[in-house]
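Peer 1: everything below, folded, please.
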Amino acid sequence: MIVKQVSVFVENTVGRLADLTKILTDNNIDLKASTIAETVDFGILRCIVEEPEKTVKILVENGFSASISEVTGVSLEDKPGGLHKVLAVLAEAGIAVNYIYSTIKSAEGKAIIMMKTSDAAKAEEVLKASGVELAGADSF
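Peer 2: Numbers count the residues shown, from 1 in each chain. Have a look, this model is predicted:
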């Protein structure tokens, strides 16, 4: 399922990530899934929240650079080979996977992952056709 992801640029300074999470806490925004990729001067927090538009608005109002993009959510069996099945379907369809991260919570016996692909709509189509269970922000 196509899911809206919030991406936030966070300076690599002591306490800046804490500043961001305080804003989320003060506005009752729960991180459902998250990952941080860092460089020397800044990191990019990518996360799934219930209200991405509201979250971006609040973060921008508080001095952060934030945007929304689309990722594909997939629920898969939490056992060896579960992720391979999904990646093999995408590779066969010629769809590149740019990055993957998992949710903070998952359904019992299932792992829920978010994937940024080269074509979210096509990824959703081929995964559904292959019997892969898709997951949205309401899945966790």
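Peer 1: any stretches of this structure with poor pLDDT?
Peer 2: Within the chain, the stretches with pLDDT under 70 are 104-109, 137-140.
Peer 1: name the residues of the longest strand along the chain that are buried.
Peer 2: Secondary structure of the chain per DSSP state E: the longest strand is strand 65-77. Using 16 or more other Cβ atoms under 10 Å as the test for burial, strand 65-77 gives A66, V71, T72, G73, V74, S75, L76. Heads up, the C-betas are built off the backbone N, CA and C, glycines and all.
Peer 1: show me what that strand is packed against.
Peer 2: Helices and strands touching strand 65-77, by 3 or more Cβ pairs under 8 Å, 6 or more residues apart in numbering; DSSP states H and E, are strand 2-11, helix 52-61, helix 82-92, strand 110-117, helix 120-129, strand 133-134.
Peer 1: would you map out the domains in the protein?
Peer 2: According to automatic domain parsing, the chain comprises the domains 2-68, 71-139.
Peer 1: now find how far off-centre the first one is within its chain.
Peer 2: When you say that, I think you mean domain 2-68. 12 Å (Cα atoms, centre = their mean, to the nearest Å).
Peer 1: check the last one too.
Peer 2: Its chain's C-alpha centre and that of domain 71-139 lie 11 Å apart, by Cα atoms, centre = their mean.
Peer 1: the chain should start at 19 in everything you say after this.
Peer 2: Sounds good: first residue 19 from here, last item domain 89-157.
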